[in-house]
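1. Here is the input, now give the coordinates:
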Amino acid sequence: MALGLNDLFLTPLYLALFYGLAYAVRPRVTNVYTRPYFIPALTLKFIGAISVGLIYTFYYSGGDTINYYNHASLVYQAFGDSFPIGWKLLTTNGYPDPAISKYTSQMFWFGHDSNEYFIVRVAGVCALLDFDTYTVTALIFALLSFSGIWAMYMTFAKIRPAIYKQLGIAVFFIPSVFFWGSGLMKDSLCLGALGWVFYAFYRGAIEKRNILRALLIGGLAAVPLVATKIYILLAFLPPALLWVFNENSARIRNPTLRIAARPLLLGIGGVLGFFAATHLTAGDARFDVDKIGARSKITADYLYEVSQKQEGSGYKLGELDGSIGSIIKLGPQAIVVTLFRPFIWEARNPVMLLSALEAAYFLFFTLRIFYRNGFFRTLRLIASTPILTLCFVFVLVFAVAVGTSTSNFGTLVRYKIPLIPFYMCGLLITESMSQPQRKQAAVKALRPAWR
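-> Numbering: from 1, shown residues only. The predicted structure follows:
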């Protein structure tokens, strides 16, 4: 069992330490408007991290988070036996090595092509810092995730300060995000890393401030994404580059030059996006672009079979034959299932019901915006506003990717959390920009605090 006496005695001590650190950092990363949200949002992440451990221990009786902890415990044990052996276990290239076989033979996630082993390394370092305590390790993951989520929130709030309260709710208080994105899981690190990548793009390429620092932050944040879920980065990079080029072309005052420059900028963005998609995944059996269709089919079929044997939360979109063409064909259905399903009547357990209620709210909010503003007017606003183009293009691309390759609502609720803050913030910004009477006064009143 992951939870023990260490958790009971050490968790309060580490919580006090983490809160002390948070209060010390807060003045440097907040302003007068966002400061009240910092500690409550962090607290919610901590609650999510602990809740994941409790649910996987007492409801599911095991799962990924418990397996990560067990692997990290082996790393902790190795360091206790021999520092050089422990270090070798942390830095191994994943190929068999007699020196560490005593430990790796007990790790079913060990291997040179295992994206789970990156999480094991991080959790192993955490175990060394917290005396191999599950809950504290989960809290550290929540802290790392929160740092990126806060950077994401501050970026959105700086872009649209008039609705900073609503944006805070969208980023921090969506149940599936603070629950699945807080514990000892891949999802927590990836969500935080995506927030930092988003911040780096805005700081370096849009604001053009501290460019070297932004490059360093973006590069470091990309590491866990490349190591664990590179498809998140592949879905984000093309719309992010489009965002950068749209913002910069909009600043060209000469209309003729702006029109002439747009195809060039879009072309550069397309080339860079294609380069990233093909070279970052070259040779990767899981995410190589040439094999992504076949891999999606294998994953979808496997998860559907598992769901049928267990809780029956599987879904079928149609025939996925392993080709890119079949993914595109099923794209509209994948978008609907990712954003708006499971429907309430499809819920099979309490966790799934919460996801269904959340999806129902997304559907209601989306339809309300289209109803109030008009379908084509809303699309024109999205197309003409660079940040909205980023949000919704990323959401659509990512929704197709996870919707076609999952086939299981239980897994989908975890896989889709990177798109939820962007979708909700996109909807909120769209709604606020459709209210011109309030827009100018609110933005002017708040703008000085965000500089």
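2. Tell me if I'm right that Asp64 and Ser188 touch.
-> No - with contact defined as C-beta atoms under 8 Å, Asp64 does not count as touching Ser188 (11.3 Å). For the C-beta atoms, the positions are set from N, CA and C on the backbone; glycine is no exception.
3. the more surrounded of those two?
-> Ser188 (31 against 19; other C-beta atoms under 10 Å).
4. isn't there a helix covering the more buried one?
-> Yes - assessed with DSSP: H, G, I helix; E, B strand; the rest coil, Ser188 lies in a helix.
5. Neighbours of Tyr361, how many?
-> 13.
6. So for it, what's the pLDDT?
-> We note a pLDDT of 95 for Tyr361 in this prediction.
7. Three-state assignment for it, please.
-> Assignment for Tyr361 (three-state DSSP): helix.
8. How about Asn31?
-> Strictly by three-state DSSP, Asn31 counts as coil.
9. May I have the residues that are in contact with the closest residue in space to Arg209 that isn't next to it in sequence?
-> What sits nearest to Arg209 in space, not counting adjacent residues and going by C-beta to C-beta, 6 or more residues apart in numbering, is Arg203, at 6.0 Å. For Arg203, the contact set (C-beta atoms under 8 Å, 6 or more residues apart in numbering) comprises Thr155, Arg209, Asn210, Arg213, Ala214, Ile217.
10. Selection in ChimeraX covering whichever of those residues are buried, please.
-> Selection of buried members from the contacts of Arg203 for ChimeraX, criterion 16 or more other C-beta atoms under 10 Å:
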select :155,214,217
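11. nearest to Leu10, of the contacts of Arg203?
-> The nearest member of the contacts of Arg203 to Leu10, counting by C-beta to C-beta, is Ile217 at 30.9 Å.
12. Counting neighbours, which bits of the helix or strand encompassing Leu129 end up buried?
-> Per DSSP states H and E, Leu129 falls inside helix 116-130. For helix 116-130, burial by neighbour count (16+ other C-beta under 10 Å) applies to 116-127, 130.
13. can you list those residues in CSV and add pLDDT?
-> Converted to CSV, the buried residues of helix 116-130 look like this (pLDDT from 0 to 100):
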residue, pLDDT
Glu116, 93
Tyr117, 94
Phe118, 95
Ile119, 96
Val120, 96
Arg121, 96
Val122, 97
Ala123, 96
Gly124, 96
Val125, 96
Cys126, 96
Ala127, 96
Asp130, 94
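14. Phe108 falls within a helix, correct?
-> No - using three-state DSSP, the assignment for Phe108 is coil, not a helix.
15. which element follows the helix holding Leu129 toward the C-terminus?
-> helix 134-159.
16. ok now that following helix, how far from the chain's centre?
-> With C-alpha atoms, centre = their mean, to the nearest Å as the basis, helix 134-159 stands 11 Å off its chain's centre.
17. Tell me the spacing between His71 and Lys229.
-> Between His71 and Lys229 the distance is 18 Å, computed by C-beta to C-beta, to the nearest Å.
18. which one of the two has more residues nearby?
-> Here His71 and Lys229 are compared on neighbour count by other C-beta under 10 Å; more neighbours surround His71, at 26 against 23.
19. Wait, a helix at that one?
-> Yes - counting by three-state DSSP, His71 is located in a helix.
20. Give me the domain ranges for the chain.
-> 5-180, 232-450 (automatic domain parsing).
21. Can you verify my assumption that Tyr33 contacts Pro161?
-> Yes - counting by C-beta under 8 Å, Tyr33 does reach Pro161; the two are 7.5 Å apart.
22. who's more crowded, those two?
-> Pro161 (21 against 15).
23. do you know how far that one is from Leu167?
-> With distances taken as C-beta to C-beta, Pro161 is found 9 Å from Leu167.
24. which residue packs closest to Ser434, ignoring adjacent ones?
-> Using C-beta to C-beta, 6+ apart and skipping the chain neighbours, the partner closest in space to Ser434 is Asn373 (4.7 Å).
25. The one you found: how many residues sit nearby?
-> Other residues lying near Asn373 total 18 when counted by other C-beta under 10 Å.
26. Tell me where this protein has strands.
-> Shown for the chain, no strands are assigned by DSSP state E.
27. Give me the helix or strand of it that scores worst on average pLDDT.
-> The weakest-scoring helix or strand in the chain, judged by mean pLDDT, DSSP states H and E, is helix 292-309 (a mean of 49).
28. Spell out which residues sit in contact with the closest residue to Gly62 other than its chain neighbours, please.
-> In space, and not counting its chain neighbours, Gly62 is closest to Tyr56: 6.7 Å by C-beta to C-beta, 6+ apart. Shown in contact with Tyr56 (C-beta under 8 Å, 6+ apart): Ala2, Gly62, Gly63, Asp64, Thr65, Ile66.
29. for the domains of the chain, which one sits closest to Gly192?
-> It's domain 5-180; of the domains of the chain, that one is closest to Gly192 (C-beta to C-beta) at 3.1 Å.
30. got the end-to-end distance for the closest one?
-> Counting by C-alpha to C-alpha, to the nearest Å, you get 25 Å between the two ends of domain 5-180.
31. distance between that domain and the chain's centre?
-> That offset, for domain 5-180, works out to 14 Å (C-alpha atoms, centre = their mean).
32. these two touch, right, Lys357 and Phe343?
-> To be clear, residue 357 is Leu; Lys isn't right here. No - using C-beta under 8 Å, Leu357 is not in contact with Phe343; the gap is 10.4 Å.
33. Let me know the pLDDT of Val393.
-> If you check Val393, the pLDDT there is 94.
34. who touches it in this structure?
-> Counting by C-beta under 8 Å, 6+ apart, Val393 has contacts Pro238, Pro239, Leu242.
35. now the contacts of Arg203 in a markdown table, with pLDDT and distance to Phe141?
-> Output for those, formatted as a markdown table (pLDDT from 0 to 100; distance: C-beta to C-beta, whole Å):
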| residue | pLDDT | distance to Phe141 |
| --- | --- | --- |
| Thr155 | 97 | 22 |
| Arg209 | 90 | 30 |
| Asn210 | 89 | 27 |
| Arg213 | 95 | 25 |
| Ala214 | 95 | 24 |
| Ile217 | 96 | 19 |
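36. so which of the contacts of Arg203 comes closest to Gly403?
-> Distances from Gly403 to these, taken by C-beta to C-beta, are shortest for Thr155, at 26.3 Å.
37. Confirm for me that that closest one is in contact with Ala200.
-> No - contact criterion C-beta under 8 Å: Thr155 and Ala200 do not qualify, at 9.4 Å.
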